[in-house]
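Chemist: below is the structure, and that's it, no one-letter string:
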């Protein structure tokens with residue numbers, strides 16, 4: 001990788017434990033976000049190499065802010 005470029009930032013919906021998003025996998029939600037960034041910035045998807053996403057599953061043992 002020669003350079004790093006931040007193209008955009010989008011926040012996903014915030015859910016609660018056993019709430020409306022309980023059946024949505026975090027990686028599926030991330031895919032929607034990535035597609036939205038590509039679409040709204042007319043970003044050439046073939047240039048996308050890496051994506052860094054913060055904590056995606058903060059319930060149960062992951063909810064201690066240890067990401």
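Modeler: Done, it's in. The model shown is predicted, which means the values in this text are computed figures rather than measured ones. Numbers count the residues shown, from 1 in each chain.
Chemist: spell out the secondary structure type for residue 35.
Modeler: For residue 35, the secondary-structure state derived from DSSP: H, G, I helix; E, B strand; the rest coil is helix.
Chemist: what's the spacing between it and residue 51?
Modeler: 11 Å (C-beta to C-beta, to the nearest Å). Heads up, the C-betas are built off the backbone N, CA and C, glycines and all.
Chemist: for residue 43, same thing?
Modeler: Distance, residue 43 to residue 51, using C-beta to C-beta: 12 Å.
Chemist: more crowded one of these two?
Modeler: The residue with more neighbours, out of residue 43 and residue 51, is residue 43; 15 against 10, by other C-beta atoms under 10 Å.
Chemist: which residue, other than its chain neighbours, is closest to that one?
Modeler: Here the nearest residue to residue 43 in space, its sequence neighbours aside, is residue 7; by C-beta to C-beta, 6 or more residues apart in numbering that works out to 5.7 Å.
Chemist: centroid-nearest residue for this protein?
Modeler: residue 30 (3.6 Å; C-alpha atoms, centre = their mean).
Chemist: over to it. Which of the three states is it?
Modeler: Three-state secondary structure (criterion: three-state DSSP) places residue 30 in helix.
Chemist: how about it, nearest residue that isn't a chain neighbour?
Modeler: Taking C-beta to C-beta, 6+ apart as the measure, residue 30 lies nearest to residue 53, with 5.5 Å between them; neighbours along the chain are not counted.
Chemist: run through the protein and note the low-pLDDT ranges.
Modeler: Under the criterion of pLDDT under 70, the regions of the chain flagged as low confidence span 1, 55-67.
Chemist: quick check on residue 24: phi, psi?
Modeler: For residue 24, the backbone dihedrals are phi -100, psi 120 (criterion: degrees, to the nearest 10).
Chemist: quick one: secondary structure of the closest residue to residue 45 other than its chain neighbours?
Modeler: Using C-beta to C-beta, 6+ apart and skipping residues adjacent in sequence, the residue nearest residue 45 is residue 38, 5.2 Å away. Per three-state DSSP, the local secondary structure of residue 38 is helix.
Chemist: relative to residue 53, how far out is residue 38?
Modeler: In this structure, residue 38 and residue 53 are 15 Å apart, going by C-beta to C-beta.
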